[in-house]
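**Q** how would this look folded up:
(2 chains)
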Protein chains: 2
Amino acid sequence: MNVLSSMPAFDPASKHDKECPEMEILVVGSVGLDSITTPHGKREEVVGGSASHFAMSASYFAPVNMVAVVGKDFPEETHQLFRRHKIDLEGLQIVEGRTFRWSGYYNIDYHKAYTLETQLNVFSDFKPVIPDRYQTAECIFLGNIDPVLQLQVLDQVKEPKLVVGDTMNFWIESKRDEVIALMKRVDVMLLNDQEARDLGETHDMIRAGRRVLGMGPRAVVIKKGEHGAVLFHGDEIFIAPAYPYSKVVDPTGAGDSFAGGFVGHLARTGDPTARNFRQAIIYGSIMGSFNIEDFSLYRISQLAESEIATRYDAFRELTRF
Amino acid sequence: MNVLSSMPAFDPASKHDKECPEMEILVVGSVGLDSITTPHGKREEVVGGSASHFAMSASYFAPVNMVAVVGKDFPEETHQLFRRHKIDLEGLQIVEGRTFRWSGYYNIDYHKAYTLETQLNVFSDFKPVIPDRYQTAECIFLGNIDPVLQLQVLDQVKEPKLVVGDTMNFWIESKRDEVIALMKRVDVMLLNDQEARDLGETHDMIRAGRRVLGMGPRAVVIKKGEHGAVLFHGDEIFIAPAYPYSKVVDPTGAGDSFAGGFVGHLARTGDPTARNFRQAIIYGSIMGSFNIEDFSLYRISQLAESEIATRYDAFRELTRF
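**A** Predicted structure coming up:
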């Protein structure tokens, strides 16, 4: 069964007159220029950042509104790429100075990203300002930025139906209290396995997930890269595999693309409740699997909806017994 | 649905007059005494070895015949434990000298077993001799021993329907040609993820699995511990999670218990063909999950069939979307 095609396809031109109670998405995060070396090659100053990867991924599912900051040096062609995907850029601040830059590399095992240099540039003074018409967005994704800023976002929005948060080890170590404060205000917390172990203070990933769940979110999703993802919701655990057929070229942004599929599915179906989380995780895994197949947004900005549907069917087959 | 209870339960007393075409299992491997330290405690000279863990696990599914060697110091109570589980010991050689011993420990993350000492003792002269009435066993498990000995076993048996092989890095490094020769004579090769990467000579686990498949077996199963297991069969991939609710006390033997559930299910149903491999992997994961909950055979020798059935149902729920 092709589940995706049985759902309303995303057609931006008609989004206001369809029957499906599609929801709008707000993402706040980073937009930057990455210089990345992997065993498959090297790319200089390609578009990156949590908001970029998330927005591109989510754009296949529902309307996306982006809040972030770039410098005047940010390439106009990337603004155009976002606009072609109907990503609303009213909230994208363009300020004097240089755009955020990150450079890093992966070894042959792709086990982790090694940072060579981080230039915060205009990001160092970033204060998220949520435009009026974004404040009623039903689905919010707080990309991996300072948890103080993530909390400021939540102070500016009106009764969202779904808040999904992301973070990283740097914040868990340097602003643990703020991360824990955030945990009480998100519906779903996304973490990779090391972040979950750090936040849950145990090596046992299952116990870590349960401990993070105890900090406040309705659900916790632990992303394990090549080993898939695990959902914790109450006493329930759901385990999704990673798509095993992708060629890994560049994993940068895979977690944000995962988040884009996850939030995107919940927004598209107009049902951001727990009963819908399992399918949302499968869409997350699918979008992560596309992300890693090329550098930057090269692959994930050029998807056909049928490709997403085909992988959804493949996930059913992968786990059937 | 309780799948296990809908299948013929293992009742050794009646095994010759049931309708189900249950098959006999032959296991050849090690039986030894382990001294193990884990974050949960320490046990001295408890029963271990690939044949012990496999046989105990498989005994819940079908009749098991064991070929191994122990010294005269091997505790009589363990012989009795095996016999209570209807594990046939005609092929267990009891010779002058000391039984194989292994001692090791695990750190808090249980990432790997660290060996403190290996005493081969009577195992150093082990030559597997398959008793006449074992030679027609339909399902054979070649536990992790010298691949030369594994090949000798296959020279002594008559047209088995299923041969499942296991190995370890030590043999992949020291007797690679013999391991590759073995690969052409097994139906299913079981490997952990590091062994698969070593044998397939790539960091990419999926590619490694495909490469090993190309060496000859009908199917390859990569065991990933807490991350579950992956089946490769032709172009097909099946991904099974690990049971996420187990308390890890001692992982020693989990892979052999996995093999016991895998081969056991295939033997019990009398259908050791590829269409049955997926369910067999779930039973493998279940038996591995019991194995790790206590030292040695303590947990896995005391299971109720209903516990196995309950976990089978849990696995369906874990992966449903």
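
**Q** the strand or helix carrying residue A:101 pairs with which strands, and in what direction?
**A** Per DSSP states H and E, residue A:101 falls inside strand A:100-106. Strands that pair with strand A:100-106, judged by DSSP bridges, come out as strand A:32-38 (parallel), strand A:113-119 (antiparallel).

**Q** mean neighbour count added to the ones you listed, as TSV?
**A** In short, each C-beta sits where N, CA and C put it, glycine included. Below are the strands paired with strand A:100-106 laid out as TSV (neighbours: other Cβ atoms under 10 Å in any protein chain shown):
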stretch	mean neighbour count
strand A:32-38	22
strand A:113-119	12
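
**Q** next, count neighbours for residue A:42.
**A** Per other Cβ atoms under 10 Å in any protein chain shown, the neighbour tally for residue A:42 reads 10.

**Q** for it, give me its contacts.
**A** Residue A:42 makes contacts with A:35, A:36, as judged by Cβ atoms under 8 Å, 6 or more residues apart in numbering or on different chains.

**Q** do the same with residue A:236
**A** Applying Cβ under 8 Å, 6+ apart, no residues contact residue A:236.

**Q** quick one on the thing from earlier: any chance of the strands paired with strand A:100-106 in a markdown table, plus mean pLDDT?
**A** Supplementary listing: the strands paired with strand A:100-106 in a markdown table, determined by pLDDT from 0 to 100:
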| stretch | mean pLDDT |
| --- | --- |
| strand A:32-38 | 98 |
| strand A:113-119 | 95 |
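
**Q** could you dump these into TSV with distance to residue B:79 added?
**A** Below are the strands paired with strand A:100-106 laid out as TSV (distance: least, Cβ to Cβ, whole Å):
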stretch	distance to residue B:79
strand A:32-38	56
strand A:113-119	54
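
**Q** quick check: which of those strands is nearest to residue A:267?
**A** Across the strands paired with strand A:100-106, residue A:267 has its closest neighbour in strand A:32-38 (24.6 Å, Cβ to Cβ).

**Q** now that closest one, how far from the chain's geometric center?
**A** 18 Å (Cα atoms, centre = their mean, to the nearest Å).

**Q** and after that strand, which helix or strand comes next?
**A** strand A:41-48.

**Q** how about the CA coordinates for that next one, as CSV?
**A** Provided in CSV are the C-alpha atoms of strand A:41-48 (Å, rounded to 0.1, in the frame of the first residue of the first chain):
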residue,chain,number,x,y,z
GLY,A,41,34.8,14.6,-1.4
LYS,A,42,34.9,18.2,-0.3
ARG,A,43,32.5,21.1,-0.6
GLU,A,44,33.2,24.7,0.3
GLU,A,45,30.6,27.1,1.6
VAL,A,46,27.5,25.1,0.8
VAL,A,47,24.3,25.9,2.5
GLY,A,48,23.8,24.3,6.0
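
**Q** in the helix or strand harbouring residue A:171, what counts as buried?
**A** Following DSSP H and E, one finds residue A:171 within helix A:169-174. Neighbour-count burial for helix A:169-174, counted by 16 or more other Cβ atoms under 10 Å in any protein chain shown, picks out A:171, A:172.

**Q** now that helix - C-alpha only, CSV.
**A** What follows is helix A:169-174 as a C-alpha-only set of coordinates in CSV (Å, rounded to 0.1, in the frame of the first residue of the first chain):
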residue,chain,number,x,y,z
ASN,A,169,25.9,18.1,23.8
PHE,A,170,27.4,21.6,23.9
TRP,A,171,24.2,23.0,25.5
ILE,A,172,23.6,19.9,27.7
GLU,A,173,27.0,20.5,29.2
SER,A,174,27.1,24.3,29.3
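
**Q** counting contacts, what elements does the next helix or strand after it pack onto?
**A** Using DSSP H and E, the helix or strand that follows helix A:169-174 in sequence is helix A:176-183. Counting contacts by 3 or more Cβ pairs under 8 Å, 6 or more residues apart in numbering or on different chains; DSSP states H and E, helix A:176-183 packs against helix A:147-156, helix A:169-174.

**Q** after helix A:176-183, next one along is what?
**A** Counting by DSSP H and E, what follows helix A:176-183 is strand A:188-192.

**Q** identify the residues contacting the helix or strand following that following strand?
**A** As assigned by DSSP H and E, the chain's next helix or strand after strand A:188-192 is helix A:193-200. Defining contact as Cβ under 8 Å, 6+ apart, one finds that helix A:193-200 is touched by A:167-169, A:172-173, A:179, A:191, A:203, A:205, A:207-212, A:215, A:220, A:222-225, A:227.

**Q** tell me the angle of helix A:193-200 relative to helix A:176-183?
**A** 100 degrees (axes from the mean of the first three to the mean of the last three Cα atoms, to 10 degrees).

**Q** and helix A:193-200, how far from the chain's centre?
**A** So, by Cα atoms, centre = their mean, the centroid of helix A:193-200 is 18 Å from its chain's centroid.

**Q** in a markdown table: the helices and strands packed on helix A:176-183, plus mean pLDDT and distance to chain B.
**A** As requested, the helices and strands packed on helix A:176-183 are exported to a markdown table (pLDDT from 0 to 100; distance: least, Cβ to the nearest Cβ, whole Å):
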| stretch | mean pLDDT | distance to chain B |
| --- | --- | --- |
| helix A:147-156 | 98 | 27 |
| helix A:169-174 | 95 | 16 |
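
**Q** can you give me the buried ones in stretch A:74-88?
**A** Going by 16+ other Cβ under 10 Å, stretch A:74-88 has these buried residues: A:74, A:78, A:81, A:82, A:85, A:86, A:87, A:88.

**Q** intersect those residues with the contacts of chain B.
**A** Among the buried residues of stretch A:74-88, none lies close to chain B by the criterion of Cβ under 8 Å from any Cβ of the partner chain.

**Q** from those residues, which land in strands?
**A** A:87, A:88 (DSSP state E).

**Q** returning to what we had before: any idea how far the helix holding residue A:171 is from the chain center?
**A** Worked out by Cα atoms, centre = their mean, helix A:169-174 lies 18 Å from the chain centre.

**Q** what does chain A put close to chain B?
**A** Near chain B, when you scan chain A using Cβ under 8 Å from any Cβ, you find A:108-110, A:203-206, A:224, A:226-228, A:230, A:237-241, A:244-245, A:248, A:278-279, A:281-282, A:315-316, A:318-321.

**Q** I'd say residue A:212 and residue A:182 touch.
**A** No. The pair residue A:212 / residue A:182 is not scored as a contact, 11.5 Å apart, by Cβ atoms under 8 Å.

**Q** mutual contacts of these two, please.
**A** Counting by Cβ under 8 Å, 6+ apart, nothing touches both residue A:212 and residue A:182.

**Q** sorry, back to before: list the helices and strands the helix holding residue A:171 packs on?
**A** Against helix A:169-174 (3+ Cβ pairs under 8 Å, 6+ apart) you get helix A:176-183, helix A:193-200.
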